[in-house]
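Participant: coords please:
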Amino acid sequence: MRPVTVVGAREYLGLTADDMSQDSLIGRLLDSAEAEVSTYLGRSVRSASLVDQFSQWGDLQASHPINTDQTVTLTYYDTDEASQTVDAGDYHIEQIRKADVLVYHPDDFPELGEQYRQPIRLSYTSKAIAAEKDRMFGDVTS
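Facilitator: I've put the predicted structure just below:
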């Protein structure tokens with residue numbers, strides 16, 4: 001996920017939504033600026049959206065580090081197979097042995113539906129996975 005989008009830059013520059021004639025140039029300029037900032041910081045500034053799935057309640061270990069300044073959402077399918085969102089105040093994220101774990105211990109865990117093998121979903125963004133992709137594939141935009 002790019003920190004600044006072409007659409008956002010186009011709006012900032014005062015270009016109309018239907019004028020996409022400069023999109024290629026704007027995209028290259030954004031990529032160049034992002035590369036400069038990443039080089040200066042020594043890390044990627046991109047993030048990637050991820051969804052981890054779980055079959056039962058307990059401490060849920062994320063597959064990648066969680067970017068906690070972004071939205072983290074915990075949902076599950078209940079016994080009526082309806083998607084439910086857990087209130088953000090009902091859980092917290094801890095770093096345990098370099099892994100982020102979402103800790104959720106209510107008095108009673110909600111019952112899960114049986115239609116899905118993994119009815120619990122943890123949605124988040126991670127800058128680490130974007131950095132991994134940058135290292136593996138390099139800059140694919142140039």
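Participant: could you use CA atoms for every contact and neighbour count after this?
Facilitator: Fine.
Participant: let me know the pLDDT of residue 89.
Facilitator: Per-residue confidence for residue 89 comes out at a pLDDT of 86.
Participant: state whether it is indeed within a strand.
Facilitator: No - counting by DSSP: H, G, I helix; E, B strand; the rest coil, residue 89 falls outside a strand, being helix.
Participant: so where's the protein uncertain?
Facilitator: The model of the chain has pLDDT under 70 over residues 1-3, 43-47, 68-69, 97-99, 127-142.
Participant: where do the helices sit along it?
Facilitator: 6-12, 23-41, 127-137 (DSSP state H).
Participant: what comes up buried for the shortest one?
Facilitator: So that's helix 6-12. Buried residues in helix 6-12, defined by neighbour count with 16 or more other C-alpha atoms under 10 Å: 6, 7, 10.
Participant: in TSV, list the helices of the chain along with distance to residue 76.
Facilitator: Putting the helices of the chain into TSV (distance: least, C-alpha to C-alpha, whole Å) gives the following:
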stretch	distance to residue 76
helix 6-12	33
helix 23-41	36
helix 127-137	24
